[in-house]
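S.K.: starting from these lines, generate the structure:
(chains A and B)
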Number of protein chains: 2
Amino acid sequence: MILIFVGTAGSGKTTLTGEFGKYLEENGYSVGYVNLDTGAEKLPYKPDLDVREDLTVWELLKKGYGPNGAIVESYELLMPQLMDYTERIIRLNGERDYVLLDTPGQVEVFLFHEFGVKLVESLPEPLSVYLFGPEILRGIHDFCFVHVFATLIGLRLGTVTVPALSKVDSGDSVEDYRKFLDNPDYLTARLKFEASTQGLLAYNLCSALSEVLAPVRTLYLSAKKRVGFEDLETLAHEHRCTCGDLT
Amino acid sequence: MILIFVGTAGSGKTTLTGEFGKYLEENGYSVGYVNLDTGAEKLPYKPDLDVREDLTVWELLKKGYGPNGAIVESYELLMPQLMDYTERIIRLNGERDYVLLDTPGQVEVFLFHEFGVKLVESLPEPLSVYLFGPEILRGIHDFCFVHVFATLIGLRLGTVTVPALSKVDSGDSVEDYRKFLDNPDYLTARLKFEASTQGLLAYNLCSALSEVLAPVRTLYLSAKKRVGFEDLETLAHEHRCTCGDLT
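M.R.: Below is the predicted model of the structure:
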């Protein structure tokens, strides 16, 4: 069972990979760890596959690339190894109960570059978890944004994709978020009364989509406090059994 | 009139800012240039406002940050200057016919970080141009992806957002792309016959959205060959006059 953690830099992918892996191991599962981030620093887990063995962003910075260029170029240069990585991940998946994929720091390298898209399309029924922190939820329309963005990740990668609010230990009450994220009808009802252009756009987007897309549960996770780990494990288990229907 | 060029690293934002600015100046307009990329290397234009005067990614790399952390942290550290930047851009907009905003190399820093979102929400009616290269159009569902992503950028930034295929000089015929990008009915009709999960998801997404969203023209641009510059100028002019209706 392959789990892919996707999200922007700082959303908590690496910490979650380490902590959720430990949790699974403590519960008797065997776990494989894959690091796909050429710009990663210290990892809180021992990777079975690590792209940094082939190339790091630092090497390209030393060669004179700028920071943005070095990140993108590192994945260009890793393209010849893609087939090898895919085969190693599939083999690892055959040997372990779970394989956790920690994706590039910058989400766009994974979603927009051939590296991420091609890698994922060759993997057997992985489940993507889209991590976002509470800091991006500034207005009501942002709750619509994260739902649609999770759908777009699913569209681009061809995987079932679950939105997951990360770092739920940091301050605000989760209940305030649950109201909007777990209840599409409540969200659209509230959006209807937003006078802004963003509110209207979000209303149109989210009410139209709720009619054609299957509802997907949102996860509430804290890697530090191990909040939501049972839910993630249950979801992964259901995904393995049903292959896709996570309503 | 403020134009914001948004897109992933390598989509051509900086080159377009330079070339389109030159084009406007040659046509008698006064142009202001703003660089918001802390990781930018050489710029093909002389910025009137440059965030690198306050901070660069390189400085943070030297202080021991990793590449991903340095990019995100640079915008955290620039937050106290945000009000000052906003005021300077608004002043520049009062003095010049056009102000061109060249955004951070990594699109996620602009869309997911408070820096980009807060900056844009204080600007008077800017027009966002979402640049994507032909390389991300791998399957038919990707044509739906770019449309929805442009809508999401609009939702997040609260701006009218036009999708623009960049680098149309590089190889493939533009006509092949136009069929799908300019004709939502043709796109959904074709998606209907895609057997894949991605095809079905894209069909549901794009057919639902075409009913609730106003259609927006797609631009076809080449900074190198100055293709589509008249179209972009016309669109900007219409945006200034109508404030939003770009059907």
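
S.K.: okay, helices next: where are they in chain A?
M.R.: In chain order, chain A shows helices spanning A:13-26, A:57-62, A:67-78, A:82-95, A:107-111, A:114-121, A:141-157, A:174-181, A:184-191, A:197-212, A:229-242, with DSSP state H as the criterion.

S.K.: comparing those helices, which comes out most buried?
M.R.: Mean neighbours per residue, mean count of other C-beta atoms under 10 Å in any protein chain shown, is largest over the helices of chain A for helix A:107-111, with a mean of 25. No exception for glycine: its C-beta is placed from N, CA and C like everyone else's.

S.K.: neighbouring contacts of that one?
M.R.: For helix A:107-111, contacts defined as C-beta atoms under 8 Å, 6 or more residues apart in numbering or on different chains pick out A:6-9, A:36, A:71-72, A:75, A:103-104, A:115-117, A:153, A:156-157, B:8-9, B:106-108.

S.K.: now do stretch A:196-210
M.R.: Residues lying outside stretch A:196-210 but in contact with it, judged by C-beta under 8 Å, 6+ apart, are A:139-141, A:144-145, A:147-148, A:151, A:184-185, A:187-188, A:191-194, B:151, B:154-155, B:158, B:205, B:208-209, B:211-213, B:244.

S.K.: go again with 6 Å.
M.R.: A:141, A:144, A:148, A:184, A:188, A:191-192, B:155, B:158, B:208, B:212 (C-beta atoms under 6 Å, 6 or more residues apart in numbering or on different chains).

S.K.: tell me the pLDDT of A:E19.
M.R.: The predicted structure scores A:E19 at 98 on the pLDDT scale.

S.K.: for chain B, see how far away the closest residue to it other than its chain neighbours is.
M.R.: In space, and not counting its chain neighbours, A:E19 is closest to A:A223: 4.3 Å by C-beta to C-beta, 6 or more residues apart in numbering or on different chains. Counting by C-beta to the nearest C-beta, to the nearest Å, the gap from A:A223 to chain B is 17 Å.

S.K.: which pLDDT value goes with A:A223?
M.R.: At A:A223 the predicted local distance difference test score is 94.

S.K.: what sits against it?
M.R.: Residues near A:A223 by C-beta under 6 Å, 6+ apart: A:12, A:15-16, A:19.

S.K.: for B:F229, which of the helices of chain A is the nearest?
M.R.: Comparing the helices of chain A by their distance to B:F229 (C-beta to C-beta), the top pick is helix A:67-78, with 24.8 Å.

S.K.: picking up where we left off before, just the contacts of stretch A:196-210: which has the poorest pLDDT?
M.R.: When the contacts of stretch A:196-210 are sorted by pLDDT, the bottom entry is B:V212 at 79.

S.K.: residue contacts, that one?
M.R.: For B:V212, the residues meeting the contact criterion (C-beta under 6 Å, 6+ apart) are A:204, A:208.

S.K.: against A:Y130, how distant is the spatially most distant residue from the centre of chain A?
M.R.: Taking C-alpha atoms, centre = their mean as the measure, the residue most remote from the mean C-alpha position of chain A is A:A195, 31.9 Å away. When distance is defined by C-beta to C-beta, to the nearest Å, A:A195 is 29 Å away from A:Y130.

S.K.: likewise A:L181?
M.R.: Using C-beta to C-beta, A:L181 is found at 12 Å from A:Y130.

S.K.: if we can go back for a sec, quick one: which of the contacts of A:A223 is nearest B:S30?
M.R.: Ranked by distance to B:S30 (C-beta to C-beta), the contacts of A:A223 are led by A:G12 at 45.4 Å.

S.K.: per-residue pLDDT, the nearest residue to that closest one once chain neighbours are set aside?
M.R.: Counting by C-beta to C-beta, 6+ apart, A:G12 lies nearest to A:S166, which is 4.1 Å off, once chain neighbours are set aside. For A:S166, the model assigns a pLDDT of 95.

S.K.: next one: phi and psi at A:S166?
M.R.: Backbone geometry at A:S166, expressed as degrees, to the nearest 10, gives phi -100, psi 170.

S.K.: that one and A:L221 touch, don't they?
M.R.: Yes. The criterion here is C-beta atoms under 6 Å, and A:S166 meets it with A:L221 at 5.2 Å.

S.K.: low pLDDT regions in chain A?
M.R.: A:170-172, A:243-247 (pLDDT under 70).

S.K.: what bridges to the spatially most central residue of it?
M.R.: Averaging the C-alpha coordinates of chain A gives a centre point, and the residue nearest to it by C-alpha atoms, centre = their mean is A:V6 (2.3 Å). On the basis of DSSP bridges, A:V6 is bridged to A:Y130.

S.K.: contacts only, for it.
M.R.: Residues in contact with A:V6 (C-beta under 6 Å, 6+ apart) are A:103, A:128, A:130, A:153.

S.K.: let me know the closest of these to A:M1.
M.R.: A:S128 (12.6 Å).

S.K.: what is the burial count for that closest one?
M.R.: A:S128 is surrounded by 27 other residues when neighbours are defined as other C-beta atoms under 10 Å in any protein chain shown.

S.K.: tell me who's in contact with it.
M.R.: Each residue near A:S128 by C-beta under 6 Å, 6+ apart is listed here: A:4, A:6, A:157, A:159, A:161.

S.K.: try 8 Å this time
M.R.: A:S128 is in contact with A:4, A:6, A:120, A:153-154, A:157, A:159-162, counting by C-beta under 8 Å, 6+ apart.
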